[in-house]
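Asks: coordinates for the following, if possible.
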Amino acid sequence: MYKRLHAPIRIAFVIAAVLTLPTASFAQVKVITSGGFSAAYRELLPEFERTSGIKVTTTSGGSVGTGPNTIGGQLRRGVPADVVILAREGLSELIAEGRIAAGTDVSLAQSIIGMVVRAGAPKPDISSVEALKQTLLRAKSVAMSSSTSGVYLTTKLFPQLGIADQMAGKSTSSGAAAVGRGEAEIGLQQVSELLPIAGVDFVGTIPAEVQYVTVYAAAVVAGSKEIDASKRLIAFLASEGAATAIKKSGMEPSRRR
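Replies: Numbering: from 1, shown residues only. Next comes the predicted model:
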């Protein structure tokens with residue numbers, strides 16, 4: 001019967017079939033993610049795209065700060081996005097500004113701060129708070145993130161240890177990758193950001209008494225036209241199936257209620 005249909009009718013059948021396909025097959029989700037969650041995200045994304053049919057484009061930005069390239073800065077200057085993944089501190093600011101769709105934020109993982117030295121260099125003692133303090137004082141240069149962990153170090157930890165003045169002249173917010181390039185002696189950053197860095201050796205995490213836990217969360221951006229697809233992506237990243245990739249990247253999955 002179908003062979004006898006005229007060409008215009010056959011074309012109409014094809015168009016009708018295409019239009020009735022699930023909308024996820026055509027969804028394109030724009031994501032802005034901060035560096036702390038990016039290693040796990042990169043590992044998980046291909047499986048999500050393969051199983052969902054949803055295409056995802058990804059850019060990056062810092063979780064906190066006032067710069068134009070932070071995630072908040074990008075949203076404020078009109079950069080289009082459907083999903084943001086960042087530290088809770090930064091997300092809370094965006095929620096307060098009305099830039100996040102109500103009730104869509106989901107905690108994904110938590111990360112703690114660690115230290116690296118250049119590959120092959122002696123690993124300093126950071127097993128206690130006093131040992132960490134002495135290591136920081138002896139270091140000729142210290143590289144940190146300009147985002148959440150770096151803000152904690154410069155505004156909380158260094159003053160708490162009584163070394164804020166000494167650290168001010170030898171600290172840089174260029175990121176711990178500077179250690180791998182030979183531009184800094186030690187690096188302090190979230191473990192999930194340290195592990196992918198080339199040319200460094202991981203020393204360990206800073207003592208629990210002065211540790212800072214960063215919770216990463218995802219949310220749908222207010223005004224997104226891909227709300228359903230965005231929620232599917234967030235649910236995938238928060239699922240039990242994502243736990244292995246999250247742990248591999250140096251984080252712990254957030255507990256589900």
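Asks: distance of the closest residue to residue 160 other than its chain neighbours from residue 234?
Replies: The spatially closest residue to residue 160, leaving aside those adjacent along the chain, is residue 210, at 6.8 Å (CB to CB, 6 or more residues apart in numbering). For every residue, glycine as well, the C-beta is placed using N, CA and C. Distance check for residue 210 against residue 234: by CB to CB, to the nearest Å, it reads 32 Å.
Asks: so these two - more neighbours on which side?
Replies: Per other CB atoms under 10 Å, whichever of residue 210 and residue 234 has more neighbours is residue 234, with 22 against 17.
Asks: surely the residue nearest to residue 160 touches residue 158?
Replies: No - using CB atoms under 8 Å, residue 210 is not in contact with residue 158; the gap is 10.2 Å.
Asks: OK, contacts around the nearest residue to residue 127 once chain neighbours are set aside?
Replies: The shortest distance from residue 127 to any non-neighbouring residue, by CB to CB, 6+ apart, is to residue 207 (7.2 Å). Neighbouring residues of residue 207 by CB atoms under 8 Å, 6 or more residues apart in numbering: 126-129, 132.
Asks: ok, 10 Å please
Replies: In this structure, residue 207 makes contact with 126-132, judged by CB atoms under 10 Å, 6 or more residues apart in numbering.
Asks: residue 233 now?
Replies: Contacts for residue 233 (CB under 10 Å, 6+ apart) come out as 27, 29, 31, 41, 44-45, 48-49, 52, 54, 56, 82-83, 85, 218, 220, 226.
Asks: hmm, try it at 7 Å
Replies: By CB atoms under 7 Å, 6 or more residues apart in numbering, the contact list for residue 233 reads 29, 48, 54, 56, 83.
Asks: same deal with residue 40?
Replies: 109, 245-246, 249, 251.
Asks: so which strand or helix has it?
Replies: In the assignment (DSSP states H and E), residue 40 maps to helix 35-52.
Asks: from the chain's centre, how far out does that helix sit?
Replies: On the basis of CA atoms, centre = their mean, to the nearest Å, helix 35-52 is displaced by 11 Å from the centre of the chain it belongs to.
Asks: buried ones in that helix?
Replies: By neighbour count on 16 or more other CB atoms under 10 Å, the buried set for helix 35-52 is 35-41, 44-45, 48, 52.
Asks: go on, stretch 226-241?
Replies: Buried residues in stretch 226-241, counting neighbours by 16+ other CB under 10 Å, are found at 226-227, 229-234, 236-238.
Asks: stretch 59-71 now?
Replies: For stretch 59-71, the neighbour count (16+ other CB under 10 Å) marks 61-65, 70-71 as buried.
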